[in-house]
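Engineer: Got a sequence here, can you build the structure:
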Amino acid sequence: MLTANFGIEIEFTGITREKAAEVAASFLNGTYAEGGTYYDTKKITAPDGRVWKFMSDGSINCQRKSGGRRVAAGREYSVELVSPILSYGEDIKTLQELVRLLRRAGAFTNSSCGIHIHLDGKDHSPRSIKNFINIIASKNDLFYKALEIAPQRMSYCKKMDGILIEKLKKQKPTTMAEIEDIWYDGYNESRRIHYHNSRYHFLNLHSFFTGHHTVELRGFNSILHAGKIRSYIVLALAINNQALTQKCASAKKPQVENEKFAMRTYLNRIGFIGSEFANCREHLTAALTGSAAWRYGVA
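Structural biologist: From the prediction side, this is the model:
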């Protein structure tokens, strides 16, 4: 489940884009360059040729620390780390250490910040894309509770549209073009617009249909905790693998008597097995109620 390539965007504030780029250049032993774009991008080219970017994002509430308190700051404190294409086996430790260094340099997050994970979509078929949609729809409530998605961010990562699910169920599309038409049905704007309104969901397929060919998961509050970020990435990769390998998936919401038990058993089913993923299971069930060991409570 960990073999697919991915990219990650991590939004934060507390330090400037220039400071964040300096930290990354030092750690990655890379070369620093100004991007010269509308987003005031700072680029770090690592020795392997991959480019790490630090960009401005208009949705971030910019802050810095002064006298131990968080105070308002200028737009130079709006920072979005955009990674190059990564692989879990080769790059997860590098990413985690970079996150730690940014935090030590003064970076922090607030409720305006999010994390977006982009998954390589090259292996997806109409069947697997329908699976992906149905998996997210069926687990909407559990995911939002487990990930503690801030109310302030709901407009940027809405739950799966029930109308979309009903259209998929009724029309039974068999081609990618048919799924794409259903995805964009009801929107008046051009499909080619980068910031298309259909993208602001937990599962974003706009990036998949418009040439980037990546499936984006947007339902993560930003945090500079290396272990939690790893758990988010593993969850994204595991759901992606489930969509690819499962013959079919239902959008029906399961009955959940015990949130923590339901999440733990789901995580085990999609590959979170053994001590390697113990911390991930802990992070992804910590916010849920109930018992992870007993479905109906201890007898």
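Engineer: count of residues packed around the residue lying closest to Gly74 once chain neighbours are set aside?
Structural biologist: Closest residue to Gly74 apart from its sequence neighbours, by Cβ to Cβ, 6 or more residues apart in numbering: Cys62 at 6.4 Å. Placement of C-beta: from N, CA and C, glycine included. Using other Cβ atoms under 10 Å, the number of residues around Cys62 comes to 19.
Engineer: Check the gap between Cys62 and Glu76 for me.
Structural biologist: Cys62 sits 8 Å away from Glu76, going by Cβ to Cβ, to the nearest Å.
Engineer: Residues touching stretch 67-77, excluding its own?
Structural biologist: Outside stretch 67-77, the residues that touch it by Cβ atoms under 8 Å, 6 or more residues apart in numbering are 13-18, 40, 56, 62-65, 108, 110.
Engineer: List only buried entries from these.
Structural biologist: 13-17, 40, 56, 62-64, 108, 110 (16 or more other Cβ atoms under 10 Å).
Engineer: quick one: which of the residues you listed sit in helices?
Structural biologist: Members of these lying in helices (criterion: DSSP state H): Arg17.
Engineer: could you dump the buried ones among the contacts of stretch 67-77 to a markdown table with distance to Asn241 and pLDDT?
Structural biologist: As requested, those are arranged in a markdown table below (distance: Cβ to Cβ, whole Å; pLDDT from 0 to 100):
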| residue | distance to Asn241 | pLDDT |
| --- | --- | --- |
| Thr13 | 33 | 98 |
| Gly14 | 34 | 98 |
| Ile15 | 35 | 98 |
| Thr16 | 38 | 97 |
| Arg17 | 34 | 96 |
| Asp40 | 37 | 90 |
| Ser56 | 34 | 95 |
| Cys62 | 37 | 98 |
| Gln63 | 37 | 98 |
| Arg64 | 40 | 97 |
| Phe108 | 32 | 98 |
| Asn110 | 32 | 95 |
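Engineer: Counting only strands, which of the buried ones among the contacts of stretch 67-77 make the cut?
Structural biologist: Judged by DSSP state E, strands contain the following of the buried ones among the contacts of stretch 67-77: 63-64.
Engineer: Can I get the buried ones among the contacts of stretch 67-77 in JSON lines including distance to Leu86?
Structural biologist: Shown next, in JSON lines, are the buried ones among the contacts of stretch 67-77 (distance: Cβ to Cβ, whole Å):
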{"residue": "Thr13", "distance to Leu86": "23"}
{"residue": "Gly14", "distance to Leu86": "24"}
{"residue": "Ile15", "distance to Leu86": "22"}
{"residue": "Thr16", "distance to Leu86": "24"}
{"residue": "Arg17", "distance to Leu86": "21"}
{"residue": "Asp40", "distance to Leu86": "24"}
{"residue": "Ser56", "distance to Leu86": "22"}
{"residue": "Cys62", "distance to Leu86": "27"}
{"residue": "Gln63", "distance to Leu86": "28"}
{"residue": "Arg64", "distance to Leu86": "29"}
{"residue": "Phe108", "distance to Leu86": "23"}
{"residue": "Asn110", "distance to Leu86": "25"}
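Engineer: quick check, nearest of the buried ones among the contacts of stretch 67-77 to Glu34?
Structural biologist: When these are compared for distance to Glu34 (Cβ to Cβ), Asp40 wins out at 8.2 Å.
Engineer: thought that closest one was touching Met55?
Structural biologist: Yes - here Asp40 reaches Met55: they are 7.2 Å apart, a contact under Cβ atoms under 8 Å.
Engineer: Since that was my last question, I'll sign off now.
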